[in-house]
Structure formats: structure tokens, C-alpha cells
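# I would like the atomic coordinates for the input below:
(one chain, ligands or ions: 1)
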Amino acid sequence: SATAKKLLVDVHSHVYLPRYASLLRSRSSVPKICSVTTSDGIPQERLLILNHEPSGGRPVGSQYWDREEKLKFMDKHGIDVSIVSTANPWLDFLSAPDAQLLASELNNDLEQYCSTSPRTSNCNYAIKRLYGFGLLPLVPEITTSAALDIVSQITQLPHLRGLIMGTKGIGRGLDDAALDPVWDAIEKAQLVVFLHPHYGVNAEVWGEENNGHVLPLALGFPFETTIAATRIILSGVLDRFPSLRLLLAHSGGALPALSSRLASCIDHDPIVASRLKHDARYYLGKLYLDAVAYGPEELGFASDVIARADRYNPQSSSTPVLSRSIGSKRMLFGTDHPFFPPLTSTEKWKSVVENLEAIDRVQGWSQEDRDGVCGANALALFNLIQ
Ligand code: 5CU
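As a prediction, the model looks like this:
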């Protein structure tokens, strides 16, 4: 499979499918898309999804919904395959019946979007250029059976290989025991859960200076993921569902840097100390991280922390091998397209080039490790080569 190993696969790539964009256009409150006329008299659509969007929202266009634009972006950056997911805030703002109906419709739409995409030419295998993460109707008041119906739908759509999930669950977060049947079904179906932030943290901590979206996106998003993943670990989800495959956005946020502190806090807490089967650091080795960290040092460090998990695995050999190579097997290239477009026109997007260069420059990763992070790990995780 030498040719297959060289494929570049983007696991963090978003879309607002036309049906979802129409819904956003029909809304008068955030999240919404509204139409404005610029000072030059040009009509423009604007996207408002986050708190404190610049007045009138951010310009939004066909790169958010048009499949041809996605493919052009992929061609420009040498990306062979993308695993596409609906962008935040998914279905979070809908009633349970609306969320269930739209989840089902959008999953079918995404299957169509992927299944009718061209075949990858750079490979001997019959791989399409687009695969997808489906959506679950995880909103308050959804019934377990409604959520399970959608897990089952996703499982039956051949180009959907996982699902994207925010951090709210059905209103009480992802450590809610009511989600156990959902985790169970996802684990049995071998779907990959892409855990992605939207809400950040309490905006009061950002102060009064106008820093645009820098603080919520650079810190708030990854801290939200850090908290959600930590709550999953603390609730024992990964003990009860040890084969669950969780892919954390933005390289797991701060979790790799804080996992030893987390382990120590658990050890010293009378309520939690005896709850988990393993040291907290063990669970880091069960996670997958996207490689959307923009720097080689951060990628190298995250891969060290993943590799170290073996030391806390009672099943492992008595002399655990600590190697960045082992950690790299759980890291996967991503772009965050169509977010983070360049501010001035450039041939390639800086956000993409930086992430590729970071993968290229991690000390201690072999060429095979880099090829793995760029594509081979994704081909295996999403079962793209059968
Ligand atoms: O720039 C942004 O707002 C975002 C967003 O909302 N979601 C995302 O995945 N990346 C960037």
C-alpha cells in the first residue's frame, strides 16, 4: 500500500450544507446568515454564529456550502480526501423534533454530497474524495430511542464514518449517564466521534479590550474541548466503553499539557480517587487528536503524552517503550476549512501550510510517522481501505 500511504487526508473540514444554510438564512437570531449591502453597494451575506461577532457578522460565501469550492480548495492544497463535518453550532439551538428531522435529512444530504464525489486519482484503491461525519440530534428532551435511530441511520450510510458532537450532550454535558446507551451504540457501530467546541468559556474572562475573535478561538475553543474530554474521562465513559473512538479537535486543547496534574488531582480527591480503573494519563492513549496545532513542538509534545499512556496500561509489557512514533499513530492532519481564510489574497492558505509544515518538522517523527499523520492514520481509523 505504498501509494495509499502518501495520500493527504483532511479530517477537520467543515460545511454548511445548503439545507442548513437555508435554515440559518430563515432565522432572525444567532445562529443566522443575513444579507447586507456593503458601503460599495455590493450585496453580501454575513454569518453570525459566535458571541460578539463583528457588527453585521463575517462575510460568508460559497466556500461554506458549495462542494466544487471544497474540491477546489482540496486541489489547491494537495488534499486527496476530506472527512467533512457540519460546522458549529450543529443542531444545538433546535427543539427535539426539529433536531431529529434535520439530523436525518442532513445525514442523507451529506451521504449524497460524499457518495457522488469523484474518486481519488492518486491511489490504487476505490476511495472517494469526500467522506463525512454525521449529526446526532443531541438536544434537551430528545429521547434515547430517537438518538439511537439516528446512530443507526449513520451506520447505514456508507460514506459517513463517524459523527461530529458538540460538548452539551442533551443539556447536561457529555458525562451525563443518560448518554450511556448512545456511547454504547456508537462503540458497537465503530463510528468515530469528532468532539468539537462551539461555546468556549465564560466570555467575562476575556476582559474589555477588543481582541476580535482571538481569545475565544485560540483559548476558549480548546479549553471547552479540554473540559468536555476531561469530564468524559472522569465519568468513567472510557472504562465502560473502552473501544470508543474519540477524535478531539485542535489537538485535544490543553488536555495533553494538564494530564499529569489531572491525575494528581484525582489521586488526592476523596470523591474521585477510587472511581476510575486507571490513572488519568492512561486514557490519553485511547484518544485520537487532530493535528490542528500549527506548531511542531506542540505536535511532538502531544504525541509524547499519547505514547506515555502505555506506562499506565497494566496489560502492556513490563518495559514500556516511550516513543513519539507511537503517539503519532493517533494524530491526524486537519485544516478547519472554510474557517481561517487568509486576510489578504494568497495562493495557499497560511492555516493549511502551517499545519503541514508543523507535521514535517516534528523532531523524532520518521517519514513513515509523518505520512501516517498526513493520511495513513486516517485511512485506517475511518476504514477507507477495505
Ligand atoms: O472562526 C470560527 O468561528 C470557527 C468556528 O466557528 N468553528 C470552527 O470550527 N472554526 C472556526
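
# can you show me the helices along the stretch 251-386 of the chain?
255-267, 280-284, 296-308, 324-328, 350-361, 367-371, 377-381 (DSSP state H, counting those that start in this stretch).

# what sits up against the third one?
Residues from elsewhere that reach helix 296-308 (C-beta atoms under 8 Å, 6 or more residues apart in numbering): 251-252, 256-257, 259, 281, 284-285, 287, 289, 291, 293, 321-328, 330-331, 357-365, 373. Backbone N, C-alpha and C define where each C-beta goes, glycine included.

# swap the cut-off to 6 Å and go again
For helix 296-308, contacts defined as C-beta atoms under 6 Å, 6 or more residues apart in numbering pick out 251, 256, 284-285, 289, 291, 293, 322-324, 326-328, 330, 358, 361-363.

# related to what we said a few turns ago, the ligand: which of the helices of the stretch 251-386 of the chain is closest?
Between the ligand and the helices of the stretch 251-386 of the chain, the tightest spacing by C-beta to the nearest ligand atom is seen for helix 350-361, at 9.9 Å.

# send the alpha carbons of that closest one over as CSV?
Taking Å, rounded to 0.1, in the frame of the first residue of the first chain, the C-alpha atoms of helix 350-361 are listed here in CSV:
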residue,chain,number,x,y,z
LYS,A,350,-1.5,30.0,5.7
SER,A,351,-3.5,27.9,8.2
VAL,A,352,-3.1,24.9,6.0
VAL,A,353,0.6,25.4,5.1
GLU,A,354,1.5,26.0,8.7
ASN,A,355,-0.1,22.7,9.8
LEU,A,356,1.6,20.8,7.1
GLU,A,357,5.0,22.4,7.9
ALA,A,358,4.4,21.6,11.6
ILE,A,359,3.9,17.9,10.7
ASP,A,360,7.1,18.0,8.6
ARG,A,361,9.2,19.5,11.4
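
# what helices or strands is it leaning on?
Using 3 or more C-beta pairs under 6 Å, 6 or more residues apart in numbering; DSSP states H and E as the contact definition, the elements that helix 350-361 packs against are helix 296-308.

# next, the buried residues of the helix it packs on.
Pro296, Glu298, Leu299, Gly300, Phe301, Ala302, Ser303, Asp304, Val305, Ile306, Ala307, Arg308 (16 or more other C-beta atoms under 10 Å).

# what's the closest non-adjacent residue to the first one?
For Pro296, ignoring the flanking residues on the chain, the nearest one in space by C-beta to C-beta, 6 or more residues apart in numbering is Arg361 at 3.9 Å.

# over to Phe223?
Spatial nearest neighbour of Phe223, excluding adjacent residues (C-beta to C-beta, 6+ apart): Val201 at 5.1 Å.

# Three-state assignment for Ser82, please.
With DSSP: H, G, I helix; E, B strand; the rest coil as the basis, the three-state label of Ser82 is strand.

# burial of Ser28, as a residue count?
Counted by other C-beta atoms under 10 Å, the residues lying close to Ser28 total 6.

# about what we covered before: ChimeraX command to pick out the buried ones of the contacts of helix 296-308?
Written as a ChimeraX command, the selection of buried residues from these, which uses 16+ other C-beta under 10 Å, is:
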select :251,256,284,285,289,291,293,323,324,326,327,328,330,358,362
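
# how close does Val237 sit to the ligand?
Distance from Val237 to the ligand, counting by C-beta to the nearest ligand atom, to the nearest Å: 23 Å.

# for the residue lying closest to that residue once chain neighbours are set aside, give me the pLDDT.
Counting by C-beta to C-beta, 6+ apart, Trp183 is the residue found nearest to Val237 once chain neighbours are left out, at 5.9 Å. Reported pLDDT at Trp183 in the predicted model: 98.

# surely Trp183 touches Arg240?
No. With contact defined as C-beta atoms under 6 Å, Trp183 does not count as touching Arg240 (7.3 Å).

# neighbour count winner among these two?
Set side by side, Trp183 and Arg240 give different neighbour counts by other C-beta under 10 Å, the larger being at Trp183 (19 against 14).

# what residues are up against the more buried one?
With contact taken as C-beta under 6 Å, 6+ apart, Trp183 is in contact with Val237, Phe241, Leu244.

# for the residue nearest to Val237, grab phi and psi.
Backbone dihedrals for Trp183, given as degrees, to the nearest 10, come out at phi -60, psi -40.

# using the three-state scheme, assign the nearest residue to Ala203 once chain neighbours are set aside.
In space, Ala203 comes closest to Asn51 once its chain neighbours are excluded; the distance is 5.7 Å by C-beta to C-beta, 6+ apart. Taken by three-state DSSP, the conformation at Asn51 corresponds to coil.

# do whichever strand or helix holds Leu47 and the ligand meet?
For Leu47, the element it lies in under DSSP states H and E is strand 43-48. No. Contact between strand 43-48 and the ligand, assessed by C-beta under 6 Å from any ligand atom, is absent, since the two come no nearer than 8.2 Å.

# show me what the helix or strand that that strand is followed by is packed up against.
On the C-terminal side of strand 43-48, the nearest following helix or strand under DSSP H and E is strand 58-60. Secondary structure elements in contact with strand 58-60, counted by 3+ C-beta pairs under 6 Å, 6+ apart, are strand 43-48.

# could you dump the helices of the stretch 251-386 of the chain to a markdown table with distance to Tyr64 and mean pLDDT?
Below are the helices of the stretch 251-386 of the chain laid out as a markdown table (distance: least, C-beta to C-beta, whole Å; pLDDT from 0 to 100):
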| stretch | distance to Tyr64 | mean pLDDT |
| --- | --- | --- |
| helix 255-267 | 29 | 98 |
| helix 280-284 | 33 | 97 |
| helix 296-308 | 28 | 97 |
| helix 324-328 | 31 | 94 |
| helix 350-361 | 15 | 97 |
| helix 367-371 | 30 | 97 |
| helix 377-381 | 23 | 97 |
